[in-house]
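K.L.:
The following block contains a protein sequence and its predicted model.
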Amino acid sequence: MFKTVLFPIDQSREAREAADLVANIVQTYGSRLILLSVVEEPATDAPEASPMVSPEVVAKLLENAQAHFSGQGITTELLERQGKPAFTICDVADEVGADLIIMGCRGLGLTDEGATDSVTTRVINLSPCPVLIVP
């Protein structure tokens, strides 16, 4: 059913919590698991830089996630891309033929302002495949 699962990760607690569900689905369906992390373009108006703008931080994040899944007997493929997270996630999902995207949700879309800026909301609206959001 889910031959290829795309799991976009960042340094959020929500992404770490979603990892258990990802492992369960991948093991249940014998899916190919692709871990994606996006190196964000630095925002010029942001008071402090996000750690996700550092390629070194992103590479280490992917290595740690790979080790986590490897410890459960799950083989992963790692992808590191640069760009705007929501658009990059959807582009990669299309590129790899993902049957499912699983991602954590920070709850930032619960306000009117957050709804338009939420990576999760944008992925849901742009995705070429089903999206499972883990609260």
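P.N.:
Yep, that arrived. Numbers count the residues shown, from 1 in each chain.
K.L.:
so how far is stretch 59-71 from its chain's centroid?
P.N.:
13 Å (Cα atoms, centre = their mean, to the nearest Å).
K.L.:
pLDDT weak spots in the chain?
P.N.:
Within the chain, the stretches with pLDDT under 70 are 42-51, 107-116.
K.L.:
Where do the helices of it begin and end?
P.N.:
According to DSSP state H, the chain carries its helices in the segments 13-29, 55-70, 85-96, 112-117, 119-126.
K.L.:
In a markdown table: those helices, plus distance to L36.
P.N.:
C-beta coordinates here come from the backbone N, C-alpha and C atoms, glycine included. Converted to a markdown table, those look like this (distance: least, Cβ to Cβ, whole Å):
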| stretch | distance to L36 |
| --- | --- |
| helix 13-29 | 11 |
| helix 55-70 | 8 |
| helix 85-96 | 5 |
| helix 112-117 | 20 |
| helix 119-126 | 11 |
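K.L.:
Which stretch among the ones you listed approaches C105 most closely?
P.N.:
helix 119-126 (4.8 Å; Cβ to Cβ).
K.L.:
Buried residues in the closest one, which are they?
P.N.:
Neighbour counts over helix 119-126 (16 or more other Cβ atoms under 10 Å) mark 119-124 as buried.
K.L.:
Which of those sits closest to R106?
P.N.:
T120 (7.5 Å).
K.L.:
number of nearby residues for the residue lying closest to the closest one once chain neighbours are set aside?
P.N.:
With Cβ to Cβ, 6 or more residues apart in numbering as the criterion, T120 has its nearest non-adjacent residue at 4.8 Å, and that residue is C105. Using other Cβ atoms under 10 Å, C105 has 20 neighbouring residues.
K.L.:
One more: D99?
P.N.:
A count of nearby residues for D99, using other Cβ under 10 Å, gives 17.
K.L.:
could you measure it against K3, distance?
P.N.:
With distances taken as Cβ to Cβ, to the nearest Å, D99 is found 5 Å from K3.
K.L.:
Name all residues that sit in contact with these two at the same time.
P.N.:
When contacts are counted by Cβ atoms under 8 Å, 6 or more residues apart in numbering, D99 and K3 have S31 as shared neighbours.
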